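> Curious how this folds, go ahead:
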Amino acid sequence: MLNILKLQGTEKRLYQWVAPLVMNPKVLRQNYNFPFRTDEDFVWYLAFQGRKLLGFVPVETKRSEYVINNYYTPGRDADMLRQLLQEVIEQTPQDRPLAAIAFLEDEQLFGELGFKEEKRWTRYLKMSRR
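Now for the predicted structure:
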């Protein structure tokens, strides 16, 4: 059973929980070596099993949309990602679209949750849910 915790992007607890993952070479490789970032415009959804952090989805608040970017689940765990995304969808205000910069490997899952493709790159695609 997963527990999902929502934290603001500059909360001290966030740094304590995510640092071991975002600094792990295996996690960075899965993110194509792009660094993870945060600031006060981010809300993070953390997936725990017991007291162990397994994965996360950060959501950035922008002027015209909310954007999911640089998320992580171990081994691209689709079930965990689905649970995290469902929580994001439920908790994110509906005053603007929810967009995602998704890995190509996760296109079907995002599509099942109502996201539509807007733009495609080599490894990612931008999808939005209105």
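> is the residue positioned nearest the centre of the chain in a bridge, and if so with what?
Nearest to the mean C-alpha position of the chain, by C-alpha atoms, centre = their mean, lies Val57 at 2.2 Å. Following DSSP bridges, Val57 is listed with bridge partners Tyr45.
> do you know how far it is from Arg120?
21 Å (C-beta to C-beta, to the nearest Å). The way it works is simple: take the backbone N, C-alpha and C, and place the C-beta from them, glycine included.
> And Pro93, by the same measure?
Taking C-beta to C-beta as the measure, Pro93 falls 27 Å from Arg120.
> quick one: buried residues of the longest helix along the chain?
For the chain, the helix with the greatest residue count under DSSP state H is helix 78-91. Within helix 78-91, the residues scored as buried using 16 or more other C-beta atoms under 10 Å are Met80, Leu81, Arg82, Gln83, Leu84, Leu85, Glu87, Val88.
> which stretch of helix or strand covers the nearest residue to the third one once chain neighbours are set aside?
The spatial neighbour of Arg82 that comes closest, neighbours along the chain excluded (C-beta to C-beta, 6 or more residues apart in numbering), is Leu109 at 6.1 Å. Counting by DSSP states H and E, the element that carries Leu109 is helix 107-112.
> packing partners for that helix?
Contact partners of helix 107-112 among helices and strands, from 3 or more C-beta pairs under 8 Å, 6 or more residues apart in numbering; DSSP states H and E: helix 78-91, strand 124-129.
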